[in-house]
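>>> What follows is a predicted structure for the sequence shown.
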Amino acid sequence: MTDVEVRAAHNVLEACAQTETIDKVVFTSSATAVIWRDDRKSITGDLDERHWSDINFCRKFKLWHALSKTLAEKTAWALAMDRGVNMVSVNAGLLMSPDLCIENPYLKGAAEMYEDGVFVTVDLNFLVEAHVCIYEDVSAYGRYLCFNHVVNRHEDAMKLASMLTPSAPSLPQSVDQDLRIIQQGISSKKLNKLMVDFESSPLLEN
């Protein structure tokens, strides 16, 4: 999977570099290319688009989705910078779609993501809006973490679990667990600001 992702990223960016009419490339990556680090619990402040998942950490714990997304994005960035391609990446959370299932490779390590406050999801409409905004706004640059929900309450985790495994029996939970809220450890402030500024642009009001 990793080899396929890396080759695909390289081929697409190479094709873009050879096409003079392309002004900007919006590369869709994953939040899993940001969150998997051995030192994530000791980082001061929230994880954001400045952070990268550690390749050796991903290999050690067999986080193949995170490994492939991280290597593919790094490959794309290296080629974009080498060939002078104007590229921006969207590091999306788990896409909430009707066909979401427990086999989704993003979900590897879901319990750890939840406990660390970095289990993020994104609705399709929000993800599309983010892509349009990043493509249209000339001030967009670098990487953008993209999500509109953090799974950090027991209620949300149980709701997602029942969606993924509807046939599984629900387990009784204590009141303490029901009320517990995991502290959020990830931020999408950069994207949120860009989208607010873009939506309030005078060009959109005309």
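Everything's here; your move.

>>> And the helices in the protein?
2-17, 32-35, 55-60, 64-83, 110-116, 124-136, 154-164, 175-179, 189-199, 202-205 (DSSP state H).

>>> Who are the contact partners of Lys24?
Asn86, Met87, Val88, Tyr135, Ala140 (Cβ atoms under 8 Å, 6 or more residues apart in numbering). The way it works is simple: take the backbone N, C-alpha and C, and place the C-beta from them, glycine included.

>>> now Leu94
Ala31, Leu100, Asn104, Tyr106, Leu107, Phe119, Val120, Thr121, Val122.

>>> low pLDDT regions in the protein?
168-178, 201-206 (pLDDT under 70).

>>> Ok, which of the helices of the chain comes nearest Lys41?
helix 110-116 (6.7 Å; Cβ to Cβ).

>>> ok so, going back, for Val26, which of the helices of the chain is the nearest?
Of those, nearest to Val26 by Cβ to Cβ is helix 124-136, at 5.1 Å.

>>> what's the closest non-adjacent residue to Asn187?
Actually, residue 187 is Ser. It isn't Asn. Computed as Cβ to Cβ, 6 or more residues apart in numbering, the closest residue to Ser187 that is not its neighbour in sequence is Asp46, at 4.0 Å.

>>> Pull the contacting residues for the one you found.
Contacts of Asp46 by Cβ under 8 Å, 6+ apart are Gln184, Gly185, Ile186, Ser187.

>>> Let me know the closest of those residues to Asp38.
When the contacts of Asp46 are compared against Asp38 (criterion: Cβ to Cβ), the nearest one is Gly185, at 14.7 Å.

>>> distance of the spatially closest residue to that closest one that is not a sequence neighbour from Ala157?
Of all residues not flanking Gly185 in the chain, Gly117 sits nearest, at 3.8 Å (Cβ to Cβ, 6+ apart). Look at Gly117 and Ala157: by Cβ to Cβ, to the nearest Å, they are 12 Å apart.

>>> now Val85
Per Cβ to Cβ, Val85 is found 40 Å from Ala157.

>>> cool, and Phe147?
Per Cβ to Cβ, Phe147 is found 16 Å from Ala157.

>>> cool, and Lys24?
Applying Cβ to Cβ to Lys24 and Ala157 gives a distance of 37 Å.

>>> can you check Leu100 too?
From Leu100 to Ala157 the distance is 15 Å (Cβ to Cβ).

>>> same check, this time on Trp77
Relative to Ala157, Trp77 is positioned 33 Å away (Cβ to Cβ).

>>> same thing with Asp82?
Asp82 sits 42 Å away from Ala157, going by Cβ to Cβ.
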